[in-house]
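> when you get a sec, could you give me coordinates for this:
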Amino acid sequence: NKTSTEKVRKMILSQDFLFKLAKLIGSSGLSELTIKKTLYSLERTLGVANVALVFSENGSRISAQRALFSSYWPLTFDESMFDETTNPVSVSHATRLIKGECVQCVSLPLPSPNGWLGILLLETEANHYFDDTELQLFEVTAQMLALSMGFQAREQESRRVALLEERAVIARELHDSLAQSLSYMKFQLARLQTNFGSHLVESGA
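Next up is the predicted model:
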């Protein structure tokens, strides 16, 4: 009964977390503050020491040296995590010795059509046990973040393209109006030359 109760409690916490995450993303979008709130809430829901989102260079605005986290800069992060040839798009576990302490790291890339947007990391004690419900919550959270980040990147790109098109239209209009003015002046000059001939300069026309 105790085990069943604990499973139900974790499921309720997971559902509550996902509901709040969907509501947060839907109401305010995926800002830096929203991501930080999400990471802190995920840390509390899973009972881990730290949750971090490290952004990749393929992301729309951030380098691999930028990360958002719930408690501290991820201890277990290294650049090799972004090697797509060796790291599959799936949850991976590792236990590392950091400053004399064993740290369990669970990581999952955030995929996009143009490459990874970043990596979601959990860090906790080496003897911490994750059940299937918690790992599913971790995966769904990563998917929701990836979808939202991808949507925002496409939206920003669409706005950028629309702005460039608008600038091109203005440039064409300026070019056309200038061309019309020059053509009109050319016709006027030709008419003056016809009327005055070689006496154009002397006439003051």
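> quick check: what element follows the longest helix belonging to the chain along the chain?
Taking DSSP state H as the criterion, the chain has its longest helix at helix 132-196. Sequence order places helix 200-203 as the next helix or strand after helix 132-196, per DSSP states H and E.
> which helices and strands does that next one pack with?
When contacts are defined as 3 or more Cβ pairs under 8 Å, 6 or more residues apart in numbering; DSSP states H and E, helix 200-203 packs onto helix 132-196. All C-beta atoms are positioned from the backbone trio N, CA, C, and that covers glycine.
> quick one: list the elements packing against the helix it packs on.
helix 2-28, helix 32-46, strand 101-110, strand 118-125, helix 200-203.
> could you give the mean pLDDT of the longest one?
Spelled out, that is helix 2-28. Averaged over helix 2-28, pLDDT sits at 83.
> and it, how far out from the chain middle?
Averaged C-alpha coordinates place helix 2-28 at 24 Å from its chain's average position (Cα atoms, centre = their mean, to the nearest Å).
> repeat for the fourth one
Here the centre of mass of C-alpha atoms in strand 118-125, compared against the chain's by Cα atoms, centre = their mean, lies 18 Å away.
> now what about that strand, what contacts it?
46-56, 59, 62, 74-77, 81-82, 102-110, 138, 141-142, 145, 149 (Cβ atoms under 8 Å, 6 or more residues apart in numbering).
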